[in-house]
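**Q** Have a look; sequence and predicted model below, questions after that.
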Amino acid sequence: MALYRSVVVGTDGSESSFRAVERAAEVAGAAGATLYIATAFQQGGGSSGTAADALKSEAFQITGNAPAYEILHSAADRAKKAGAQKVEERAIADKNPVDALIDLVIGVKADLLVVGNRGLSSLTGRLLGSVPSDVARKADIDVLIVHTV
C-alpha cells in the first residue's frame with residue numbers, strides 16, 4: 001500500500017512555487033499518487049486587496065482565469081517532467097490561497113499537502129501569517145514545506 005494516494009500542491013506561478021510543484025511531483029510519482037496542482041485567482045477585471053498590493057507588478061497572476069490556467073499548464077508540464085504520472089489541474093476562484101488549498105485537500109481526500117516556504121521568514125509573514133504556516137496549522141494531513149527560497 002502506498003503511503004500517499006493523492007497529493008495537493010499550490011502554485012502562484014512564481015519560480016519558488018514551481019520548485020514546490022516539482023518536489024510534490026517527485027513524491028507523487030514515487031508513490032504512484034495523483035498530484036492535484038492548484039492555483040487561486042480572483043475573477044473580475046481589476047486586482048484589489050492585500051494580495052494584489054503585495055504582488056505589485058505581478059498582481060496579474062491572481063486576477064482573471066486566463067493567467068491561472070497558464071500557470072497550471074506550466075506547473076503540470078514541470079510536474080510530469082519531475083516524475084508525476086497522474087496530474088490534475090485545479091483553478092479555484094475567489095478564495096484566498098489557504099482556504100483554496102484546504103478545501104481542495106478535503107474535496108479530493110488528499111494524504112499530503114505540499115507548499116513552498118516563501119513568506120515564512122518575511123516580516124509580513126510573521127505579522128499577518130503566510131500560506132505555509134497557515135496551511136500547516138489548518139491541515140489535518142501531512143504537510144511538506146519545501147525549501148524554495
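**A** Looks like it arrived, so ask away.

**Q** and Y4, what does it touch?
**A** Listed by CB atoms under 8 Å, 6 or more residues apart in numbering, the contact set of Y4 reads V27, A28, A31, A33, D111, L112, D142. Every C-beta, even on glycine, is put in place using the N, C-alpha and C of the backbone.

**Q** Type out the ChimeraX command that picks the buried ones from the residues you listed.
**A** Of those, the buried ones go into a single ChimeraX selection, burial set by 16 or more other CB atoms under 10 Å:
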select :27,28,31,33,111,112
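
**Q** Which ones among the contacts of Y4 lie within helices?
**A** V27, A28, A31 (DSSP state H).

**Q** Could you tell me the per-residue confidence at the last one?
**A** Same thing as A31. pLDDT, A31: 95.

**Q** And for the first one?
**A** Looking at V27, its pLDDT reads 97.

**Q** how far away is it from N96?
**A** 25 Å (CB to CB, to the nearest Å).

**Q** again with the last one
**A** Here the distance between A31 and N96 works out to 29 Å (CB to CB).

**Q** out of everything not next to it in sequence, what's closest to D142?
**A** L112 (4.9 Å; CB to CB, 6 or more residues apart in numbering).

**Q** which residues sit in contact with the one you found?
**A** L112 neighbours (CB under 8 Å, 6+ apart): Y4, S6, V7, V8, A24, V27, A33, I141, D142, V143, L144.

**Q** Low-confidence stretches in this structure?
**A** 1-2, 44-65, 119-129 (pLDDT under 70).
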